[in-house]
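1. my questions concern the predicted model and sequence given below.
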Amino acid sequence: MATATRQIQWRSDFDTALKDAKGKLVLLDFSAAPM
Amino acid sequence: MYPDPRVVAFIDEHFVPVRVHVKENADEFQRLGSRFGAQWTPTTLIVDAEGNEQHRIEGFLPAEDFLSQLKLGVAKAAFARNDYTNAERLFGQVVDEHPGTEAAPEGLYWAGVSKYRATNDPSALRETARAFRERHQESSWAKKASVWNA
């Protein structure tokens, strides 16, 4: 049986993410990893 | 990145995840890197809704250590908004659930501080100093707590 692998839904719009946070925190990841 | 399902689930529950890539988002990387003083990758920041940095993780960490740092950041954010009862609980989770990580002694220290702030009872600090005599004795946090020994 296939299992679904959850993935992180990364965004790149930090300023909008702050406005959307609504009780959550923003995880800001500076990365050089292959996309 | 972050293939561990525990890490993915924790991020999904607690964070709005934003990734700025050094090449793919070069302008944003430069702007936000300058704003937050991020000098290296990977650097992961936990930022509250007011845009204030609450915790910083620099460099790669294995999943267990990374998860413990994320939990530490969530606890620090609760502390920063003066929610000391929740902060004590969250720091305590770091201690109990990730005892082998560097986050554990830091969590133990701040759990004690949070309890003190919540209750104004200095015995919370003495109890924390006592706990450090039984575990994490070699950590810098044990040295910091040693001043609370009666």
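-> Alright, I've got the coordinates.
2. and the strands in chain A, which stretches?
-> For chain A, the strands defined by DSSP state E cover A:25-31.
3. kindly report the residues of it close to chain B.
-> Taking Cβ under 8 Å from any Cβ of the partner chain as the criterion, the neighbours of chain B within chain A are A:5-14, A:17-18, A:20-33, A:35. In short, each C-beta sits where N, CA and C put it, glycine included.
4. list only buried entries from those.
-> Those of the residues of chain A next to chain B that meet the buried threshold are A:8, A:10, A:14, A:17-18, A:21, A:24-31, by 16 or more other Cβ atoms under 10 Å in any protein chain shown.
5. next one: phi and psi at the nearest residue to B:K23 once chain neighbours are set aside?
-> Leaving aside its sequence neighbours, B:K23 sits nearest to A:A32 (Cβ to Cβ, 6 or more residues apart in numbering or on different chains; 7.4 Å). Main-chain torsions, A:A32, degrees, to the nearest 10: phi -120, psi 10.
6. if I pick A:A32, what's in contact with it?
-> B:H21, B:V22, B:K23, B:T41, B:P42 (Cβ atoms under 8 Å, 6 or more residues apart in numbering or on different chains).
7. pLDDT, secondary structure and neighbour count added to these, as JSON lines?
-> Listed next are these as JSON lines, based on pLDDT from 0 to 100; DSSP: H, G, I helix; E, B strand; the rest coil; neighbours: other Cβ atoms under 10 Å in any protein chain shown:
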{"residue": "B:H21", "pLDDT": "96", "secondary structure": "strand", "neighbour count": "19"}
{"residue": "B:V22", "pLDDT": "95", "secondary structure": "coil", "neighbour count": "14"}
{"residue": "B:K23", "pLDDT": "95", "secondary structure": "coil", "neighbour count": "10"}
{"residue": "B:T41", "pLDDT": "96", "secondary structure": "coil", "neighbour count": "19"}
{"residue": "B:P42", "pLDDT": "97", "secondary structure": "coil", "neighbour count": "18"}
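8. quick revisit: can you read off the pLDDT for the residue nearest to B:K23?
-> pLDDT, A:A32: 95.
9. likewise for B:E97?
-> 98.
10. that one and B:A75 touch, don't they?
-> No. Counting by Cβ atoms under 8 Å, B:E97 sits too far from B:A75 to count as a contact (11.7 Å).
11. am I right that B:H55 is in a strand?
-> Yes. Looking at B:H55 with DSSP: H, G, I helix; E, B strand; the rest coil, it is inside a strand.
12. would you tell me what the next helix or strand after the helix or strand B:Y116 falls within is?
-> Per DSSP states H and E, B:Y116 falls inside helix B:103-119. Beyond helix B:103-119 on the C-terminal side, the first helix or strand identified by DSSP H and E is helix B:123-134.
13. hmm, who's touching that following helix?
-> B:105, B:108-109, B:111-113, B:115-116, B:139, B:141-142, B:145-150.
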